[in-house]
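Enquirer: Sequence first, then the predicted structure, then my questions.
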Amino acid sequence: MPALWIAHVTVTDADSYAKYAELAGPAIAQHGGTFIARGGRFVQLEGRERPRNVVAKFASVEAAEACYNSAEYQAALDHARGASERELVIVDISE
């Protein structure tokens, strides 16, 4: 069943986060992820507002989780730690 990787992000260090983004995109693509949304206009209806919202689609929850745990994504994530406040969730979807 397909899954969505949904991240809500506040960037606190733009230079370090840019390095994360440079490495994360290819790592996500390498694991079959395709971006549906990367930033862009949003309307916050509830909860804490995060100005950057990213949604990627994967073949399954397991594929998205494997991407997150991969060496390539973890290397990218090293640049986001300390450079952002984030929430990340993987949700399966039915089509």
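Expert: Right, received. Where do you want to start? What you are looking at is a predicted structure, and each value in this text was computed from that prediction instead of being measured. Numbers count the residues shown, from 1 in each chain.
Enquirer: which residues touch residue 11?
Expert: 17, 51, 52, 83, 84 (CB atoms under 8 Å, 6 or more residues apart in numbering). Every residue, glycine included, has its C-beta placed from N, CA and C.
Enquirer: make it 10 Å
Expert: 17, 18, 20, 21, 50, 51, 52, 80, 83, 84, 85, 86 (CB atoms under 10 Å, 6 or more residues apart in numbering).
Enquirer: State the distance from the third one to residue 43.
Expert: Computed with CB to CB, to the nearest Å, the distance linking residue 20 and residue 43 is 25 Å.
Enquirer: who's more crowded, those two?
Expert: Taking neighbours as other CB atoms under 10 Å, residue 20 and residue 43 compare with residue 20 leading, 23 against 5.
Enquirer: So that one is in contact with residue 74, correct?
Expert: No - if you go by CB atoms under 10 Å, residue 20 and residue 74 don't touch, sitting 11.1 Å apart.
Enquirer: can you map out the strands along this structure?
Expert: 3-11, 34-38, 52-58, 84-92 (DSSP state E).
Enquirer: nearest to residue 69, of these?
Expert: strand 84-92 (11.3 Å; CB to CB).
Enquirer: shaky segments in the chain?
Expert: Scanning the chain with the threshold set as pLDDT under 70 gives 95.
Enquirer: so what does the longest helix along it touch, helix or strand wise?
Expert: Ranked by number of residues, the top helix in the chain under DSSP state H is helix 14-30. Secondary-structure packing of helix 14-30 (3 or more CB pairs under 10 Å, 6 or more residues apart in numbering; DSSP states H and E): strand 3-11, strand 34-38, strand 52-58, helix 61-69, helix 71-80, strand 84-92.
Enquirer: I'd like the ones you listed as JSON lines, with distance to residue 28 appended.
Expert: Shown next, in JSON lines, are the helices and strands packed on helix 14-30 (distance: least, CB to CB, whole Å):
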{"stretch": "strand 3-11", "distance to residue 28": "8"}
{"stretch": "strand 34-38", "distance to residue 28": "7"}
{"stretch": "strand 52-58", "distance to residue 28": "6"}
{"stretch": "helix 61-69", "distance to residue 28": "6"}
{"stretch": "helix 71-80", "distance to residue 28": "7"}
{"stretch": "strand 84-92", "distance to residue 28": "12"}
